[in-house]
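Q: Give me a 3D structure for the following:
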Amino acid sequence: MGGEAGQSDGRTLLLSLFDAAVSAAHPDVCLPAHLPPPPNGGRLIVVGAGKAAAAMAVVAERHYRALGVIDRVAGFTTAPHGTAETLAGERPRVLGIVSARHPTPDASGVAAAERTLALVRTATADDLVLVLLSGGASSLWPAPAAGLDLEAKTALTRGLLKSGADIYEMNTVRRHISRIKGGRLRKATPARMLTLAISDVPGDDPATIGSGPTVPDATTLTDARAVLARRGPRMQTLGLDVPAAVTSILSDAANETPKPDDPAFATAEYRIVATPAGSLDAAAGAVRRSGYDVILLGDSVTGEAREVAQAHARLALEAK
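A: Below you'll find the predicted structure:
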């Protein structure tokens, strides 16, 4: 198959594979079966953040309206600017959608994180807090630790990225300079908590998805300082410095994150409802149905996007 017709058919196939992968992780598909009923005698308080947060709010509101219990549900999710506008007429009326910037945080995200913490703090032991989490939550819920402003936090994030830090190193630091990440959202309330997460990270580590706001953190301040020790020299060669406030925060034991033995996590449940591996499998199935062989690299490929793309191109040429 050659010429423009062949290119068009190839593009159509590739777009169909993308659609298959996205559909497998869409909240319409993965979320409804996991949504809990409101607790007897209490409220269902919904908060959430991420690139899928607007769609998750739509699905949740539709679900609770169908059950006739929407009057016992309250809350909102935080999604990237422009996301809510794509929902057209199905924008939820009870579960609000707050917009903030992704991937670089902005003041709207800080306000959304503060509002999230404030709402969760109103929950009592009779309530259930439902957290709808997806990739991008780290940027959409920026809540810098006391003494650190958003500008300095953003500068540090950019510096770590440019120095080659991976997502695990990034989140090890971010969890320790935040008031919401690294299990701190869970610590904000005595209410029971259920997190439903759409993973966008290799290995589906709950502590990495959105920097783990509702799960204990196995990393320590010492680990965070070690990341800066490794990446700091490269940052300096790029003309970037670690903000003094960050050094101070990471030296203060009071900024240690809650650990797995904290009793708060005994009444917190975490479920991953969609994964990158599931999306890859869906795309692979579509490829096979189109008559092609599949070389599936899995969901553990990490690295700088340009370098990974070059490696993939070499594999394609070798396979051809």
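
Q: would you put the C-alpha positions of the one helix or strand in the chain whose mean pLDDT sits lowest in PDB?
A: The weakest-scoring helix or strand in the chain, judged by mean pLDDT, DSSP states H and E, is helix 3-24 (a mean of 84). Extracted in PDB, the C-alpha atoms of helix 3-24 (Å, rounded to 0.1, in the frame of the first residue of the first chain):
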ATOM      1  CA  GLY A   3       1.200   6.900  -1.700                       C
ATOM      2  CA  GLU A   4      -1.300   9.200   0.100                       C
ATOM      3  CA  ALA A   5      -3.900   6.400   0.500                       C
ATOM      4  CA  GLY A   6      -1.400   4.200   2.300                       C
ATOM      5  CA  GLN A   7      -0.400   7.100   4.600                       C
ATOM      6  CA  SER A   8      -4.000   7.900   5.300                       C
ATOM      7  CA  ASP A   9      -4.800   4.300   6.200                       C
ATOM      8  CA  GLY A  10      -1.700   4.200   8.400                       C
ATOM      9  CA  ARG A  11      -2.700   7.300  10.200                       C
ATOM     10  CA  THR A  12      -6.300   6.000  10.700                       C
ATOM     11  CA  LEU A  13      -4.900   2.800  12.200                       C
ATOM     12  CA  LEU A  14      -2.600   4.700  14.600                       C
ATOM     13  CA  LEU A  15      -5.400   7.000  15.700                       C
ATOM     14  CA  SER A  16      -7.600   3.900  16.300                       C
ATOM     15  CA  LEU A  17      -4.900   2.400  18.500                       C
ATOM     16  CA  PHE A  18      -4.700   5.600  20.500                       C
ATOM     17  CA  ASP A  19      -8.400   5.700  20.900                       C
ATOM     18  CA  ALA A  20      -8.400   2.000  22.100                       C
ATOM     19  CA  ALA A  21      -5.700   2.800  24.700                       C
ATOM     20  CA  VAL A  22      -7.600   5.900  26.000                       C
ATOM     21  CA  SER A  23     -10.900   4.200  26.100                       C
ATOM     22  CA  ALA A  24      -9.600   1.400  28.300                       C
END
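
Q: and the next element down the chain from that helix?
A: helix 27-30 (DSSP states H and E).

Q: Identify each buried residue in that next one, please.
A: 27, 29, 30 (16 or more other CB atoms under 10 Å). Glycine gets a C-beta too; all of them are placed from N, C-alpha and C.

Q: so what's the second one up against?
A: The one in question is residue 29. The contact partners of residue 29, by CB atoms under 8 Å, 6 or more residues apart in numbering, come to 23, 274.

Q: I'd like the distance between it and residue 221.
A: Counting by CB to CB, to the nearest Å, the gap from residue 29 to residue 221 is 40 Å.

Q: Isn't residue 169 up against residue 160?
A: Yes: between residue 169 and residue 160 a contact is recorded at 6.9 Å, counting by CB atoms under 8 Å.

Q: the strands in this protein, which residues?
A: Secondary structure of the chain (DSSP state E): strands at 44-49, 73-80, 95-100, 128-134, 192-198, 268-274.

Q: export those strands to JSON lines and tack on distance to residue 55, mean neighbour count and mean pLDDT?
A: Below are the strands of the chain laid out as JSON lines (distance: least, CB to CB, whole Å; neighbours: other CB atoms under 10 Å; pLDDT from 0 to 100):
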{"stretch": "strand 44-49", "distance to residue 55": "10", "mean neighbour count": "28", "mean pLDDT": "98"}
{"stretch": "strand 73-80", "distance to residue 55": "8", "mean neighbour count": "24", "mean pLDDT": "98"}
{"stretch": "strand 95-100", "distance to residue 55": "10", "mean neighbour count": "22", "mean pLDDT": "95"}
{"stretch": "strand 128-134", "distance to residue 55": "9", "mean neighbour count": "26", "mean pLDDT": "98"}
{"stretch": "strand 192-198", "distance to residue 55": "9", "mean neighbour count": "24", "mean pLDDT": "98"}
{"stretch": "strand 268-274", "distance to residue 55": "12", "mean neighbour count": "18", "mean pLDDT": "98"}
